[in-house]
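Q: Compute the structure for the input listed below.
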Amino acid sequence: MNYFKYLILLSLLLTGVKIKAQSDSLRLNTPKDSLSNLYVLAKLSTNSPPTLALNKSNIKGSYRISVAFFKTSHIVFDSKIVYFDIGSKNVIGEKVENVDNILKLKAAFLEPFETNATVITASGKYYSFIIVHNENPSKLNIIMEPITMDWSSAINNIDSDGKIIFTQTSEGLDETTFKALSLFALKQKNIKHIRNTVGNVRMEVQNILSKDDNILITLKMKNKSHLNYEVELLKAYIRDSETNKRDLTQEVEVKPTFLYLTNQSKSKRKIGEAKGEYGIVLLFNKFAIAKNKTFDIDIVEKNGGRNFNLKIDFETFYYQMKQL
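A: Residues are numbered from 1 along each chain as shown. Okay, here's the model as predicted:
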C-alpha cells in the first residue's frame, strides 16, 4: 500500500512541475510590450481624462508655410481654435482678438529657421504645419477650409466700433486696413436711389468704392418695426438685367472677402434689433459686369418673409463708383 501512495505522490509532483513549466513558457512567450500595453490600457481606463474625439480622416498632413518679420500671416480655420502650439520662439503666434477661428503668425527674428506648429479646432480637425522664414511669402492669408458668413455669432454686442467677419482671402488688404476703410466709407453717401422697404425695415445701398484691386459696397439697414430682423443669408450675384420668361436666367455668385457690421444707433443694439440702424460693408476682389447685367444683393430674413433684392445696374456701378 505504501508503495502505491508513493507512486501517486510522485505523479502529482511531476504534474505540478509540468503545469508550472507551461505557465513559465507562456510568460516567456508573452512580449513585454504587450504586458506594458495592457498595464497602460488598464491605467487609462480608470483615470482617463476627457479628450477631443479626433477621427483618422480629420488628421491632416503637414502643410509647409512661410512667415515674415515685417508682414503678418493669417490662417483661417473652419471653426474655433481650441488648442495651438508652436515649436520654437522663432515664430510669434496668437489668435486674432474677438475672432476664434483665425491664427496670426509672424517671424520673431530676421534669420533662417524651420519649426513646426500644431492646431486643433472645435470641429475635431488636427492640423500640422512646417514653418520657415521668408520675407516675401507667396500667401499671407491661408484658408484651411471654406467658411461662410456666421451671422449668428455676429449679432451680439456689436457697437459703433463694429466687427469684421471673415469669409475668404483678400489680396492686398488686412483686417486693420479694411476696418479703417469701412469706417470711412460708412460716413459717405453717393447713391440715393437703390433702396427697398419691407415691413417697416429699409435696406439701401449707400456707396460703391474702389481701392486697388478691391471693391467696397456699403449698405444701411434701418429697422423701424417692433420686431427684430435676423439675417439668415446675404449673397451677391451678377445677373442678366432683362430676360425673356422663356429663357433661363444666368447668374454668377460673387463672394465677399470681408464683411463688416456696425451699430449706428444712438444706444447699444444687437445687429437687426428693432428700432435701430446698422451699417454693413462688403469687400470684394475686383470684378466687372457687362451692359446687360446687374449686380444684385439678396438679403433673406431668418424664419421670416422680409426679404430684399437690391439691384445695381451697369451705369450706377461704373459711373457712380468712387475711387479711394
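Q: did I read that right, Ser265 in a helix?
A: No - under DSSP: H, G, I helix; E, B strand; the rest coil, Ser265 falls outside any helix and is assigned coil.
Q: Now do Thr197 against Thr316, distance only.
A: 19 Å (C-beta to C-beta, to the nearest Å). Just so you know, the C-beta spots here come from the backbone N, C-alpha and C atoms, and that holds for glycine as well.
Q: Those two: who's more crowded?
A: Legend: neighbour count by other C-beta atoms under 10 Å for Thr197 and Thr316, higher for Thr316 (18 against 13).
Q: Three-state assignment for that one, please.
A: Quick answer, by three-state DSSP: Thr316 is helix.
Q: What of His74?
A: Secondary structure of His74, per three-state DSSP, is strand.
Q: Does it touch Val99 like I think?
A: No - His74 is beyond contact range of Val99, at 9.6 Å (criterion: C-beta atoms under 8 Å).
Q: what domains does the record give for this protein?
A: 56-143, 151-323 (automatic domain parsing).
Q: Could you save the ones you listed as JSON lines and add columns showing mean pLDDT?
A: JSON lines is the format used below for the domains of the chain (pLDDT from 0 to 100):
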{"stretch": "domain 56-143", "mean pLDDT": "86"}
{"stretch": "domain 151-323", "mean pLDDT": "84"}
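Q: So what touches stretch 95-104?
A: Under the criterion C-beta atoms under 8 Å, 6 or more residues apart in numbering, residues 72-81, 84, 93-94, 119, 121, 147, 163-164, 166, 175 lie in contact with stretch 95-104.
Q: no no, stretch 74-83
A: 52, 65, 95-96, 100-105, 118-123, 125, 127, 129, 140-147, 166, 169, 174.
Q: burial of Thr177, as a residue count?
A: Counted with other C-beta under 10 Å, Thr177 comes out at 14.
Q: for it, helix, strand, or coil?
A: Applying three-state DSSP: Thr177 is helix.
Q: quick one: it and Phe284, what's the gap?
A: Thr177 is 15 Å from Phe284, by C-beta to C-beta.
Q: Val76 now?
A: Val76 is 17 Å from Phe284, by C-beta to C-beta.
Q: For the chain, just list every one of the helices.
A: 2-29, 32-47, 175-185, 314-319 (DSSP state H).
Q: Among the ones you listed, show the one with the smallest mean pLDDT.
A: Least confidently modelled of the helices of the chain is helix 32-47, at a mean of 40 by mean pLDDT.
Q: if I pick the residue nearest to Leu209 when sequence neighbours are not counted, what's in contact with it?
A: Spatial nearest neighbour of Leu209, chain neighbours left out: Leu216 (4.4 Å); criterion: C-beta to C-beta, 6 or more residues apart in numbering. Counting by C-beta under 8 Å, 6+ apart, Leu216 touches Leu181, Ser182, Ala185, Asn207, Ile208, Leu209, Ser210, Val281, Leu282, Leu283, Phe284, Leu324.
Q: try 7 Å
A: Applying C-beta atoms under 7 Å, 6 or more residues apart in numbering to Leu216 gives the contacts Leu181, Ala185, Leu209, Val281, Leu283.
Q: One more: Lys179?
A: Lys179 makes contact with Gly162, Ile164, Tyr260 under the criterion C-beta under 7 Å, 6+ apart.
Q: Quickly name whichever of these is closest to Lys266.
A: Nearest to Lys266 among the contacts of Lys179, counting by C-beta to C-beta, is Gly162 at 15.7 Å.
Q: What's the local residue count around that closest one?
A: Neighbours around Gly162, by other C-beta under 10 Å: 21.
Q: export stretch 120-135 as CSV, just CAs?
A: Taking Å, rounded to 0.1, in the frame of the first residue of the first chain, the C-alpha atoms of stretch 120-135 are listed here in CSV:
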residue,chain,number,x,y,z
ILE,A,120,-6.8,71.6,-33.1
THR,A,121,-10.2,73.0,-33.9
ALA,A,122,-13.6,72.6,-32.2
SER,A,123,-14.8,70.6,-35.3
GLY,A,124,-12.3,67.9,-34.3
LYS,A,125,-9.7,68.6,-37.0
TYR,A,126,-5.9,68.3,-36.3
TYR,A,127,-3.6,70.4,-38.4
SER,A,128,0.2,70.2,-38.6
PHE,A,129,2.4,72.9,-40.1
ILE,A,130,6.1,73.2,-41.1
ILE,A,131,7.1,76.9,-40.8
VAL,A,132,10.1,78.6,-42.4
HIS,A,133,11.2,82.2,-42.7
ASN,A,134,10.7,84.1,-45.9
GLU,A,135,10.3,87.9,-46.2
